[in-house]
Every structure is written in structure tokens, then in C-alpha cells.
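Enquirer: show me how the following folds:
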Amino acid sequence: MTQLEQAITTNPLTVSSDTNVAEAILQMSAARASCSLKDDDDIDSDSNLLISETRSSCVIIVEGTKLLGIFTERDVVHLSANGYQLAETKISEVIAQPVITLRKSDFTDIFAALTLLQSHHIRHLPIVDDYDQLIGLVTHESLRQLLHPVDLLRSQKRKISNL
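Expert: Numbers count the residues shown, from 1 in each chain. Predicted coordinates for the structure are as follows:
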């Protein structure tokens, strides 16, 4: 597994388009509840916690192998604030579309993903294969785990050279 592949959560929560919003929220909540407590002696605990947090912060809407949309914690807040009847609302009616994705074959540089996240003001980026089938999901946090100080310097150098 390459270093970039380590940032991909390969088993994000998925639901079908006919799932109601309340059920999707319930799945997100159940994933959060299953997060294990961090053990400082466990080297893998940070990555396990990160995967659990990523899984619980959104659901991906798929129909068969087709990626239709994404539903995030931000969407939950928006719908709740606007008085939606969550149990009667199908997730297909409220998902973010079009879905911004990144092909795994194009995920050759951490900055490709960061640029998409920043330019579209999103927190979750589905990774797809060459047939647009879902492989996994990356977030700012999963990418941050991979960054080293030299990467930040490269990022600043790119920004300056683009001026």
C-alpha cells in the first residue's frame, strides 16, 4: 500500500437512494457510537479513530455500483434547521450533487486531493476507480495525517509560483 492509499477509508458508510434521511443519520450515529476509546499504547489507534470518524461523518449514496451522491453532517444540520421531516424525506431528494470525486489513478499527489477539497469547499472526497465505482473516501484530516513539514513548504512554494 502506498502512502497516499493510507489516507483512503476503504469502507465508508453507503446507503441506497430510497433510504430515508432519518435512517442515514441513524447509521452515521451508530458508526460514531462504535468508535473505540483511544489507547495511547496502540500505534494503530490514531488511524482506527480517524477511520471511525470519517465513516461516521457522512454516508455515500450508491445504486448498484453507481455513485449518486454524498450526505454529510453539514446536511443534517441544514435539514434540521429548515424543519424537514427526516423520516419522510428520501436521501435522494437532499443529497449533494454532482458529487466531486477523484480517480484513484489521478491520486498521485496529496495536493490533487487537497486542491479539490479546498476549491469546492468540501470535507469529504470520494475516490473512484476508472469505471466511477467507489473505492473509498479521503478527508482533510486523513490527508493531514500524511503531511510532513517538507510537504507544507512545497505547497507554499506552489502558491507563490502561481502568483
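
Enquirer: what residues are up against the residue nearest to the spatial centre of the chain?
Expert: The residue lying closest to the centre of the chain (C-alpha atoms, centre = their mean) is residue 124, at 3.1 Å. When contacts are counted by C-beta atoms under 8 Å, 6 or more residues apart in numbering, residue 124 touches 54, 57-58, 70, 72, 137-139. Quick note: C-beta positions are derived from backbone N, CA and C, even for glycine.

Enquirer: what about 7 Å?
Expert: Residues near residue 124 by C-beta atoms under 7 Å, 6 or more residues apart in numbering: 58, 70, 72, 137, 139.

Enquirer: with secondary structure and neighbour count added, can I get the residues you listed in CSV?
Expert: Below are these laid out as CSV (DSSP: H, G, I helix; E, B strand; the rest coil; neighbours: other C-beta atoms under 10 Å):
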residue, secondary structure, neighbour count
58, strand, 25
70, strand, 23
72, strand, 17
137, strand, 25
139, strand, 22
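
Enquirer: specify which member of these is nearest to residue 106.
Expert: Using C-beta to C-beta, residue 137 is the member of the contacts of residue 124 that lies nearest residue 106, at 15.4 Å.

Enquirer: now the residue nearest to that closest one when sequence neighbours are not counted: which helix or strand?
Expert: If the residues on either side of it in the chain are set aside, residue 137 comes closest to residue 12, at 4.3 Å by C-beta to C-beta, 6 or more residues apart in numbering. Take DSSP states H and E as the rule and residue 12 turns out to sit in neither a helix nor a strand.

Enquirer: and for the one 5 residues further on?
Expert: Using DSSP H and E, no element contains residue 17; it sits outside every helix and strand.
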